[in-house]
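Q: Sequence and predicted model, in that order:
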Amino acid sequence: VRDLRGALGGARDLRGQRERRQVSGAERKRERQRMQDILRGIEGGVTTSELPGTTLGFTELSLGNGFSLYDTPGLIVPSQLTNRLLMAELSAVLPQKPVEHVTYRVPEGSCVHLGGLARVELTEGKPLFLTVFVGNKVSVHVGKSATAEDFRQRQTGNMLTPPFTPDRLEALGPLEATEISGFGDTFEKAVLDVVVAGLGWVSVTGKGKFTLTVRAPESVSVVRRAPLMPFEALSSTEKYTGGGDKRGTSRRTKKLKGSFNQRRFGTK
């Protein structure tokens, strides 16, 4: 079952049978929101939250005719970054409003920092457009790959957040590298997404063969997939002047103009 409609269809097919059925999901995969959808119109409902930990035990909801629906805590998935974050960091990483994505033109030898939690480097290839989909409170910065780790150590808690303190950066440990290669044949459509589990994803658009090095904390899953939103690069691209100041027309830039003015391309 891949969606709510499929789950409900399966439940209808099982009407009249007394066997127990269950649907399992990872922590904070909105299982409570799905329950709220199912129970819409039933008095009471369930409490939902953007942050994990809302479900602390078994919650029983009567469906009538001798049937009950039980909500339980979600499953812990070790490969998700969210399992290693503090509440303040979770509040920044987990989107509580629609994500305002932004696109950068990144040449070989440059990278995109996703706060101090991860980064995507273009190791080899022609310049690519990298469209970033992360929570709006996660700072995004473009810089040189060669000095990226030094910049991360110096600027975490300042230009790079979350985490918000050097101590938390140290607690998360060093970043591990995952290499991803691909080939693009148009600037009109993304070729793939790079997903950092529990943080977000970066959509890759460009022409020619390329190699990316994606760095994330140890045990955090980094995978590639077919692009989920393949046509967003042209509508959200940031531009840079020769002096290093960035000007753009994306919603994220307009809303966060003050903080973005502090970020410079290729100078850190």
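A: Arrived safely.

Q: Could you give the bridge partners of Gly200?
A: Note on Gly200: beta-bridge partners by DSSP bridges are Val134, Val196.

Q: Leu114 contacts Lys137, doesn't it?
A: No - counting by Cβ atoms under 8 Å, Leu114 stays clear of Lys137, with 11.7 Å between them. Quick note: C-beta positions are derived from backbone N, CA and C, even for glycine.

Q: ok, those two, which is more surrounded?
A: Neighbour tally, Leu114 and Lys137, criterion other Cβ atoms under 10 Å: the higher count belongs to Leu114, 27 against 17.

Q: Tell me who's in contact with that one.
A: Neighbouring residues of Leu114 by Cβ atoms under 8 Å, 6 or more residues apart in numbering: 120, 132, 134, 138, 140, 196, 199-200, 202.

Q: Also Pro227?
A: Counting by Cβ under 8 Å, 6+ apart, Pro227 has contacts 189-193, 203-204.

Q: Can you classify the residue nearest to it when sequence neighbours are not counted by secondary structure?
A: Using Cβ to Cβ, 6 or more residues apart in numbering and skipping the chain neighbours, the partner closest in space to Pro227 is Ala190 (3.9 Å). Classification of Ala190 using DSSP: H, G, I helix; E, B strand; the rest coil returns coil.

Q: Is there a neighbour count for Ala190? I'd like the number.
A: Ala190, neighbours per other Cβ under 10 Å, totals 26.

Q: quick one: it and Arg225 touch, right?
A: No - Ala190 is beyond contact range of Arg225, at 10.8 Å (criterion: Cβ under 8 Å).

Q: what's around Gly184, how many residues?
A: So Gly184, with other Cβ under 10 Å, has 20 neighbours.

Q: pLDDT score for Gln262?
A: Per-residue confidence (pLDDT) for Gln262: 35.
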